[in-house]
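A structural model of the following input is requested.
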Amino acid sequence: MNNKTISTALISVFSKDGLEPIVKELDRLGVTIYSTGGTESFIKALNINVIPVEKVTSYPSILGGRVKTLHPKIFGGILNRQNNAQDISELADYNIPQIDLVIVDLYPFEKTVASGSSHEDIIEKIDIGGISLIRAAAKNYEDVVCVASVDDYAEFLELLQSKKGETTSADRKRFAAKAFNVSSHYDTSIFNYFNSDQQETVLKISETNGKELRYGENPHQKGYFYGDFNAMFDQLHGKELSYNNLLDVDAAVNLMNEFKGEAPTFAILKHNNACGFAQRPTLHQAYVDALAGDPVSAFGGILIANTEIDETTAQEINSLFCEVVIAPSFSAEAREILESKKNRILLVQKDVELSQTTVRTCLNGILVQDRDNITDAISDLTYSTNNKPTQNELEDLIFASKICKHTKSNTIVLVKNQQLCASGTGQTSRVDALNQAIHKAQSFNFDLKGAVMASDAFFPFPDCVEIAKNAGITAVIQPGGSIKDDLSVDYCNANNMAMVMTGTRHFKH
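As a prediction, this is how the structure comes out:
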């Protein structure tokens, strides 16, 4: 088991939160404590004996505190192998104290970057001595305990109290793993700050908040979520989110972000695609009309609103079985109604900036790309046909384009009066996507006369606009860019249809 009893400790931390009970317990156990700077002053203020590191090194803190613990007498005390006779002999020869415990909490580099501090302040928050102490102590875990973060103080205190200062090899190895997690994450953050202009084509991702899910996409697959979910949502009610729930929530948030600050808007999603969507003067009516888009697919769906969910809307929602409901807020009456179903998940979405890159595994590597941040607007449009869209059609075209951007390719989206009539999703041809959308809209009794059509990519042939015309669709929005764009434009001109082009493709695979 290779049990060790802590008799000496070096403590050098940025955050003193939670440190006091550890120091007091070490003192009670008779542990000799070494420290420096602010940590030394903190321990002295507790009326606990502490030996300044300078007394060990016979060297003062220099360069404005940049160099304090970087000394052979400190690192020799940490890195010596206690089962190595030569190491023990050299400790005696050079009067180096054995150090059994190292407690470090690093300068808050990430928080300093996030705060918008100056480059000079950020550089000063790159910890040198602390990170070196962590690596040394964790490397020599067979003899030394390394506590590398304020987040581990509570666990270490419990260990101290329960085992009276004794640790096993397994204990020390567990804390070493935590320590290398801290150091690797810290270095990744520093690299990403320096490489913000992507001079080095290197991908370094480090997420320290990990959670095991019930399972992955299917019950036979393991699943994990890495990230700070609580920074983005307050979960008010319901069961734990599943892997598939999280994917749908991600799709819902990205879609609704296109309508932030607009009139009351409601979306219903299933398998990452909108099956119902509407914008209306009231949220209640927006929900009713979104549900009308596909009341069958809405069963078990993910619901999201861009404004507070009120009592009237909640009463309507409550009759539908749905997995998750997301909104910026819920009225007290709405919460009471929606919480009547014990497993229904209620999420309050916070205003958090999303990552500007997307990442996914591919073959034996990883694909990374910029987030698709272009939202088509009326000012971006090129009017390609003789017949120009009406103001109502223009508004519907932009509305449809926003939904289309967040629908699986190949896709066609049909909209009328700020309501999703239907979409064809994930089809191998654009014609199939259009036929699917028309069939679905008609099956739910939508009158497509005067509706508009959005496509995520260009039309290489006029077949889609011809099918759309025959269904009653009067206006089309598409990126353009085909060498045969004129074929579709000519058909629209000959059949009194309006077509606008955005110049931006929105594939979503």
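
doesn't residue 33 lie inside a helix?
No - checked against DSSP: H, G, I helix; E, B strand; the rest coil, residue 33 lies outside a helix; its state is strand.

from residue 277, how far out is it?
Here the criterion is Cβ to Cβ, to the nearest Å. By it, residue 33 lies 63 Å from residue 277. Backbone N, C-alpha and C define where each C-beta goes, glycine included.

for those two, indicate the residue with more neighbours.
residue 277 (31 against 20; other Cβ atoms under 10 Å).

using PDB, write out the CA atom coordinates for stretch 342-350.
The C-alpha atoms that make up stretch 342-350 are tabulated as PDB, following Å, rounded to 0.1, in the frame of the first residue of the first chain:
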ATOM      1  CA  LYS A 342     -42.700  15.300 -12.800                       C
ATOM      2  CA  ASN A 343     -40.200  14.400 -15.700                       C
ATOM      3  CA  ARG A 344     -40.800  17.400 -17.900                       C
ATOM      4  CA  ILE A 345     -37.600  19.400 -18.000                       C
ATOM      5  CA  LEU A 346     -37.900  23.200 -17.600                       C
ATOM      6  CA  LEU A 347     -34.800  25.300 -18.500                       C
ATOM      7  CA  VAL A 348     -34.300  29.000 -18.100                       C
ATOM      8  CA  GLN A 349     -31.800  30.100 -20.700                       C
ATOM      9  CA  LYS A 350     -29.200  32.600 -19.700                       C
END
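
can you pull the buried residues of it?
Within stretch 342-350, the residues that qualify as buried by neighbour count (16 or more other Cβ atoms under 10 Å) are 344-349.

make CSV out of these and add distance to residue 174, secondary structure and pLDDT.
Converted to CSV, the buried residues of stretch 342-350 look like this (distance: Cβ to Cβ, whole Å; DSSP: H, G, I helix; E, B strand; the rest coil; pLDDT from 0 to 100):
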residue, distance to residue 174, secondary structure, pLDDT
344, 38, coil, 96
345, 33, strand, 97
346, 36, strand, 98
347, 34, strand, 98
348, 36, strand, 98
349, 36, strand, 97
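
pick out whichever of those sits closest to residue 328.
Within these, distances to residue 328 taken as Cβ to Cβ reach their minimum at residue 349, with 5.8 Å.

for beta bridges, what are the partners of that closest one?
Residues found in beta-bridge contact with residue 349 (criterion: DSSP bridges) are residue 233.

which residues touch it?
Applying Cβ atoms under 8 Å, 6 or more residues apart in numbering, one finds that residue 349 lies in contact with 232-233, 253, 326-328.

and for residue 94?
Applying Cβ under 8 Å, 6+ apart, one finds that residue 94 lies in contact with 72-73, 76.

give the residue spans of the stretch 1-150 of the chain that score low on pLDDT.
In the prediction, the stretch 1-150 of the chain carries residues with pLDDT under 70 at positions 1.

which stretches in it count as strands?
Defined through DSSP state E, counting those that start in this stretch, the strands belonging to the stretch 1-150 of the chain, from first to last, are 4-5, 8-13, 32-35, 51-52, 101-105, 145-147.

nearest to residue 219, out of those strands?
Closest to residue 219 of those, according to Cβ to Cβ: strand 145-147, at 38.2 Å.

gap between that closest one and the chain center?
Between the mean C-alpha point of strand 145-147 and the mean C-alpha point of its chain there is a distance of 30 Å (Cα atoms, centre = their mean, to the nearest Å).

what's it in contact with?
Outside of strand 145-147, the residues within contact range by Cβ under 8 Å, 6+ apart are 4, 6, 100-104, 134, 137-138, 153, 156, 167, 171-172, 175-176, 179.

stretch 56-75 too?
The set of residues external to stretch 56-75 that reach it, using Cβ under 8 Å, 6+ apart, is 10, 12, 34, 36-37, 53-54, 77, 94-97, 99, 128-129, 132-133, 136.

which two among the buried residues of stretch 342-350 are spaced furthest apart?
Within these, two members stand farthest from each other by Cβ to Cβ: 344 and 349, at 16.1 Å.

quick check, nearest of the contacts of residue 349 to residue 479?
Nearest to residue 479 out of these is residue 253 (Cβ to Cβ; 24.3 Å).

that closest one contacts residue 306, doesn't it?
No - Residue 253 is beyond contact range of residue 306, at 10.7 Å (criterion: Cβ atoms under 8 Å).
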